[in-house]
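In: task: produce atomic coordinates for the following.
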Amino acid sequence: MTMRTKIGLAGALAALLLAGGLEAAALAGDKPLPPGHPPVGGARPFAIEPPPPGAGQGDKALTWDVPAGWVAEKPANPMRRAQYRIPGPGGEAQCVVFYFGPGLGGEPRANALRWAGQFRPAGGKTPEEALKTETRRVGGVEVLVVEIEGTYVGMMGGGPPKPGYMLLGAIAKGPDANWFFKLTGPAETVKAQRKAFDALIASLRPGRSGARGRHPA
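Out: Below you'll find the predicted structure:
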């Protein structure tokens, strides 16, 4: 493989990561792909590697308290550090914690806008107009908190639109990379879980913790 080919592949991979193509475009919206972007559905020209060994672990980890009533499930792939099924009055919601490794996943504001792009807000607002964000600092961790509500259209090829949905999200600056907390589901359920989600974010701490009830990253 020539140096030019290596650079080309690296550039294509970077475009895929920044466009949210990781974990089947987990961080992406439904915006058109840029020219030359590798496909994000079906067969892929190359595999996305999981985070390198030791990344996001030990003193490079984040830990948090799992809210009562949230049902932990086995993460669907290595880029998910945790996922939870959340029952509620409007139907089940899901919270997924993504971690892609140092230098990957994109910047907080860009990802907040991509998440917003997965919704069609009511009242004729654009996703960016309907997006609510707030910066917090908890336990020495800087966090961008995200909120949007409307019809959930998801990622490209993500299924039929789902009206009456809501997203609560948080992008936390970990010791070696950003961590992405994304709670989505029927608005009635998500609103009922707002205090629980806020408590989870307020419990974020860098490094591994052995405290009972905390999630060891």
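In: what's the closest non-adjacent residue to residue 98?
Out: Take residue 98 and drop its neighbours on the chain: the residue closest to it by Cβ to Cβ, 6 or more residues apart in numbering is residue 180, 4.0 Å away. Where C-beta positions appear, they are placed from N, C-alpha and C, glycine not excepted.
In: surely the one you found and residue 97 touch.
Out: Yes. Residue 180 is within contact range of residue 97, at 7.0 Å (criterion: Cβ atoms under 8 Å).
In: where does this protein dip in pLDDT?
Out: By pLDDT under 70, the low-scoring segments of the chain are 1-48, 54, 156-158, 208-217.
In: which stretches of it form strands?
Out: Assigned by DSSP state E, the strands in the chain fall at 62-65, 71-73, 80-86, 93-99, 119-120, 132-138, 141-152, 162-173, 178-186, 205-206, 214-215.
In: which residues does the residue nearest the centre of the chain contact?
Out: Against the mean C-alpha coordinate of the chain, by Cα atoms, centre = their mean, the closest residue is residue 180 at 4.0 Å. Counting by Cβ atoms under 8 Å, 6 or more residues apart in numbering, residue 180 makes contact with 26-27, 97-99, 105, 111, 169-172.
In: repeat that for 7 Å
Out: Listed by Cβ atoms under 7 Å, 6 or more residues apart in numbering, the contact set of residue 180 reads 27, 97-98, 105, 111, 171.
In: what of residue 197?
Out: Residue 197 touches 168, 183, counting by Cβ under 7 Å, 6+ apart.
In: so how far does stretch 131-148 reach from one end to the other?
Out: 5 Å (Cα to Cα, to the nearest Å).
In: how near is the spatially closest residue to residue 206 that is not a sequence neighbour to residue 161?
Out: Distances taken as Cβ to Cβ, 6+ apart put residue 175 closest to residue 206, at 5.2 Å, once the chain neighbours are dropped. Distance, residue 175 to residue 161, using Cβ to Cβ, to the nearest Å: 38 Å.
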